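Chemist: just need the structure, nothing else, for what follows:
(one chain, ligands or ions: 1)
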Amino acid sequence: MYIDAHAHLDQFKENIGTALKIINGERILTLGCSMDIASYRFTKEISSSSEFIIPAFGIHPWKAAENLDMLGECDKLISEAACIGEIGLDFYWDTNKENYPAQYEVFEHMLDRCRLYGKVSNIHTKGAENDVLRLLKSYNVISPIIHWYSGEIDILKKMIDLGCSFTVSVDAGISKATRELIKLVPSELLLTETDGPNSLVWINGKYGYPDEVKNIVRSIAEIKNTEVEKMRDIINSNFIKKLNLFKERKE
Ligand SMILES: [Zn+2]
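Modeler: Got it, this is the predicted structure:
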């Protein structure tokens, strides 16, 4: 089995059938993150056809402004979902400062509910790493998963101290910063992710299917100087521990 702890299944569009075949065939346990209510409903629907898909509900920071008046409706979905994501802040790709108050409001609402319902969160931090760290501390949420971290090393160290896990993405064998992160983060806090099909296009022009996680595990193993199978087993057990948290909180 492999782990994809941050995927966007709705982004496969007409290729979703192929993606599902790969997920089931290769046994890739997949946390299907949401951008908004519609994408959560899509992922929840297809999760009924595969034991390897776990739907996560969240409002992505890029979608915060347009979903501000939907927060009341979100609470039921937050309480039913196994995990809350993708949520967070983004001051790098979202250059429109007018959106930032809405990003804070949505993210803080989600963190408050994560604390209230005891949910594990899946967090986007791009260009807002310090603020995310500050808010994770102040809302005292359990065991967050930090997605594709690319910020300063000193903030990364503080997130490690806080007990965050980190999903390593498709640039594992390519990016110098990701190599540094893999070296620094203890193996028991590492997970793997593909971030949907379009992230690999962004890295090397290729369309990314879920089995890209195999290449990521290989890169992590090489950097950690560990056998590939051993690394895969460590990542699997890291995610199973998270899953148990999901389940404990659900009951
Ligand atoms: Zn994402």
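Chemist: the strands in the stretch 51-200 of the chain, which residues?
Modeler: 53-57, 83-88, 120-124, 145-147, 165-168, 190-192 (DSSP state E, counting those that start in this stretch).
Chemist: pull up the pairing partners for the second one, direction included.
Modeler: What that stands for is strand 83-88. strand 53-57 (parallel), strand 120-124 (parallel) (DSSP bridges).
Chemist: other residues contacting that strand?
Modeler: The contact list for strand 83-88 (C-beta atoms under 8 Å, 6 or more residues apart in numbering) reads 6, 8, 31, 33-35, 54, 56-61, 78, 106-107, 110-111, 113-114, 119-126, 128, 132, 145, 147, 242, 246. Heads up, the C-betas are built off the backbone N, CA and C, glycines and all.
Chemist: let's see it at 7 Å
Modeler: 31, 33-35, 54, 56-61, 78, 107, 110, 114, 119-125, 132, 147, 246 (C-beta atoms under 7 Å, 6 or more residues apart in numbering).
Chemist: how far does it sit from its chain's centre?
Modeler: Remark: strand 83-88 is offset 7 Å from the chain centroid, using C-alpha atoms, centre = their mean, to the nearest Å.
Chemist: in that strand, what counts as buried?
Modeler: Counting neighbours by 16 or more other C-beta atoms under 10 Å, one finds that the buried residues in strand 83-88 are 83-88.
Chemist: gap between Phe107 and Lys241?
Modeler: Applying C-beta to C-beta, to the nearest Å, the value for Phe107 to Lys241 is 25 Å.
Chemist: OK, now which residue of the stretch 1-150 of the chain is nearest to the ion?
Modeler: The ion sits closest to Glu86 of the stretch 1-150 of the chain, with a gap of 4.8 Å, by C-beta to the ion.
Chemist: ok, the nearest residue to that residue once chain neighbours are set aside - contacts?
Modeler: Counting by C-beta to C-beta, 6 or more residues apart in numbering, Glu86 lies nearest to Cys33, which is 4.3 Å off, once chain neighbours are set aside. Counting by C-beta under 7 Å, 6+ apart, Cys33 makes contact with 6-8, 56, 58, 85-86, 122.
Chemist: make a markdown table out of these and add pLDDT.
Modeler: Listed next are the contacts of Cys33 as a markdown table, based on pLDDT from 0 to 100:
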| residue | pLDDT |
| --- | --- |
| His6 | 97 |
| Ala7 | 97 |
| His8 | 97 |
| Ala56 | 97 |
| Gly58 | 98 |
| Gly85 | 96 |
| Glu86 | 97 |
| Asn122 | 97 |
